[in-house]
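>>> Okay, here's the prediction I keep looking at, along with the sequence it came from:
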Amino acid sequence: MRVAIVINTSWNIWNFRRNLVRALQGAGHEVLAIAPPDAYSQRLETELGCRYVPIEMENKGTNPVKDALLTKRFYDIFRRERPDVVLQYTIKPNIYGTLAAKLAGVPTVNNVSGLGTAFIVQNLVSRVVLGLYRLAFRFPYRVFFQNDDDRQLFLQHGLVREAITALVPGSGIDTTTFRPDPAAPVRHTPFVFLMIARVLYEKGVQEYFEAAKQVRAQVPGTRFQLLGGIDESGGVGVKRAVFDEWLREGNVEYLGTSDDVPAHIRAVDAVVLPSYREGTPKTLLEAAALGKPLVTTDVPGCRETVQNGQNGYLCQVRSADDLAAKLLQLVRLSDDELRRMGQASRQLAVEKFDEQLVLQKYLRTVAEIGQQRSATRQTA
């Protein structure tokens, strides 16, 4: 079968769906990668063996004319490339790609990997997005959700039929590649925290800076790092001038971006994500598989990665004070307690988030679609 994977960046396919591509190829399928061009597009062809198909797509904004044109671009690609099934991720492919696939007669499998700003901020745009989901999600063969809170929210709003929904543990984590370093110290001196996220308010960046200030006032020298790109678009990112002002206070080290996130995780004592809502954060899964304690918010998507007090701590959302309290709690653990937390993270990653659980669900779903299409052709 010819399977198309559609996401809003080539980078996303390379970083989060690479093993899915390989699993599909291993099952004998041809894989098309459909995404806007970026620095990773060429690698999808040369290193993964996909056929890369570029598409122009703005990730932000809800301009109806531009979105109608995006639907037309999806339709033209699906008619030209004639995939047997389309696997779609992120909001615009999930909505406009699904509508285009329906018009082109191609079955779709969608993945809701997080609800984004439209579900966090209630306004006209969020109401439009809900309506678009309700329209588009009449048509997929299957819709995967990364946590049950998101699934229930879609069901409560009448956005999708329960019969076509299913759960996957995020994008999963390759627990054979991501393994703890047995030679790593139990803790560094001073203690090092790392947050991995784009510099967006909804990721809890402001709370992280404030919590860092509070913790360092009580435990001087404690290090706080931030890894992730600056994104001022869409009104949800922290403005560069504001961010620079925060950095000048000297409590957080900004690391920029990196192609080797695991190396940064291995070099710290714990990973922090005070996000307002997620699907299932890949970075927390990576940190858990690498045996790191986690501190994150008690919100959908994040809470699934932490068994409170066992492999880390859950804190209140939008509360720098509670985040600081949980970080201090972690710093003050004994070496044995810290080691046990890291081991519990690793165990959770293996038992609940192993990537093979995700890959097998996708392979089975693609096979079901193939069988149905074959049966339809035979009876036609």
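Looks like it arrived, so ask away.
>>> where does the protein dip in pLDDT?
60-62, 64, 115-124, 233-235, 380 (pLDDT under 70).
>>> Quickly list the domain ranges of it.
Here the domain assignment for the chain is 2-172+355-379, 192-352, based on automatic domain parsing.
>>> now the ones you listed in CSV, with mean neighbour count?
Placement of C-beta: from N, CA and C, glycine included. Output for the domains of the chain, formatted as CSV (neighbours: other Cβ atoms under 10 Å):
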stretch, mean neighbour count
domain 2-172+355-379, 18
domain 192-352, 19
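>>> Identify whichever of the ones you listed lies nearest to Ala183.
domain 192-352 (10.2 Å; Cβ to Cβ).
>>> Output the contacting helices and strands for the longest helix seen in the chain.
Determined from DSSP state H, the single longest helix within the chain is helix 355-379. When contacts are defined as 3 or more Cβ pairs under 8 Å, 6 or more residues apart in numbering; DSSP states H and E, helix 355-379 packs onto helix 18-26, strand 85-89, strand 108-112.
>>> List of residues touching that helix?
Contact partners of helix 355-379, identified using Cβ atoms under 8 Å, 6 or more residues apart in numbering, comprise 1, 3, 19-20, 23-24, 27, 29, 84-85, 87, 107, 109, 141-142, 144, 166, 168-175.
>>> For the residue nearest to Glu162 when sequence neighbours are not counted, pull up the helix or strand it's in.
Excluding its sequence neighbours, the residue lying closest to Glu162 (Cβ to Cβ, 6 or more residues apart in numbering) is Leu155, at 5.7 Å. Element membership of Leu155 [criterion: DSSP states H and E] is helix 148-156.
>>> Show me what that helix packs onto, helices and strands only.
By 3+ Cβ pairs under 8 Å, 6+ apart, helix 148-156 packs against strand 108-112, strand 142-145, strand 165-167.
>>> Now tabulate those strands in JSON lines and tack on distance to Arg266.
Converted to JSON lines, those look like this (distance: least, Cβ to Cβ, whole Å):
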{"stretch": "strand 108-112", "distance to Arg266": "28"}
{"stretch": "strand 142-145", "distance to Arg266": "30"}
{"stretch": "strand 165-167", "distance to Arg266": "30"}
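>>> for this protein, what spans make up the strands?
Taking DSSP state E as the test, the strands found in the chain are 2-6, 30-35, 51-54, 85-89, 108-112, 142-145, 165-167, 192-196, 223-227, 253-254, 270-273, 294-297, 312-315.
>>> With distance to Leu99 added, can I get the ones you listed in a markdown table?
Listed next are those as a markdown table, based on distance: least, Cβ to Cβ, whole Å:
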| stretch | distance to Leu99 |
| --- | --- |
| strand 2-6 | 13 |
| strand 30-35 | 15 |
| strand 51-54 | 18 |
| strand 85-89 | 11 |
| strand 108-112 | 10 |
| strand 142-145 | 14 |
| strand 165-167 | 19 |
| strand 192-196 | 33 |
| strand 223-227 | 36 |
| strand 253-254 | 40 |
| strand 270-273 | 33 |
| strand 294-297 | 34 |
| strand 312-315 | 38 |
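>>> Which residues does stretch 303-316 contact?
Residues from elsewhere that reach stretch 303-316, judged by Cβ under 8 Å, 6+ apart: 147, 169, 270, 274, 280-281, 284-285, 288, 293-298, 302, 322-323, 325-326, 329-330, 341-342, 344-345, 347-348, 352-353.
>>> Next, the distance between the ends of it.
11 Å (Cα to Cα, to the nearest Å).
>>> for stretch 47-66, same thing?
33 Å.
>>> just use 10 as the starting number from now, easier for me
Sure, I'll start numbering at 10, so the last one becomes stretch 56-75.
>>> Dump the domains of the chain to CSV, plus distance to Ala193.
Converted to CSV, the domains of the chain look like this (distance: least, Cβ to Cβ, whole Å):
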stretch, distance to Ala193
domain 11-181+364-388, 23
domain 201-361, 6
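>>> Tell me which of the ones you listed approaches Pro194 most closely.
Closest among these, once you apply Cβ to Cβ, is domain 201-361, at 8.6 Å.
>>> Return the set of residues that bridge with Thr305.
Listed by DSSP bridges, the beta-bridge partners for Thr305 are Leu282, Leu323.
>>> Against Leu347, how distant is it?
17 Å (Cβ to Cβ, to the nearest Å).
>>> so what's Glu54 up against?
Glu54 sits next to Ala42, Arg60, Tyr61 when contact means Cβ under 8 Å, 6+ apart.
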